[in-house]
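Chemist: make a model of this:
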Amino acid sequence: MNSTRQSVISLYRQLLRECHKFSLYNYREYFLRRVHEEFQQNRQIQDSSKISELLKRGQANLAVIRRQVIIGNLYTPEQCSIIENQQRLSNSSQQNKRNE
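Modeler: Residues are numbered from 1 along each chain as shown. The predicted model follows:
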């Protein structure tokens, strides 16, 4: 059971790492939210066969996310979302304050 727990945690971390690689804010937030919701929804499952099935599905989803990250980053638009622009502006203003 302990190795299963470690496998689940490892998969969760891998999924989060891959989701953070999306360059587009909307995709990144969508996939992060979906991963978090799925793991929360299945948190109470104790049946080992069901857990194995979910791990296989998670591994398949990880492969899909990896492919989507590559494809999505190949075709990123030059224009950023409003939220990304705001984050960049706040980061640059913080940098300017530090440099003064």
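Chemist: make it CA atoms for all contacts and neighbour counts henceforth
Modeler: OK.
Chemist: ok, the most centrally placed residue in the chain to Tyr27 distance?
Modeler: For the chain, Cys19 is the residue whose C-alpha lies nearest the centre (C-alpha atoms, centre = their mean; 2.5 Å). Distance, Cys19 to Tyr27, using C-alpha to C-alpha, to the nearest Å: 8 Å.
Chemist: same check, this time on Tyr12
Modeler: Tyr12 sits 18 Å away from Tyr27, going by C-alpha to C-alpha.
Chemist: ok so, going back, okay, the residue nearest to the centre of the chain: pLDDT?
Modeler: In the predicted model, Cys19 carries a pLDDT score of 94.
Chemist: residues touching it, list them.
Modeler: With contact taken as C-alpha atoms under 8 Å, 6 or more residues apart in numbering, Cys19 is in contact with 28-29, 31-32, 65, 69.
Chemist: out of the residues you listed, which are inside helices?
Modeler: 28-29, 31-32, 65, 69 (DSSP state H).
Chemist: can you tell me the SS state at Phe22?
Modeler: State at Phe22, reduced to three classes by DSSP: H, G, I helix; E, B strand; the rest coil: coil.
Chemist: from what I see, it and Tyr30 are in contact.
Modeler: No - here Phe22 lies out of contact with Tyr30, judged by C-alpha atoms under 8 Å, at a distance of 10.2 Å.
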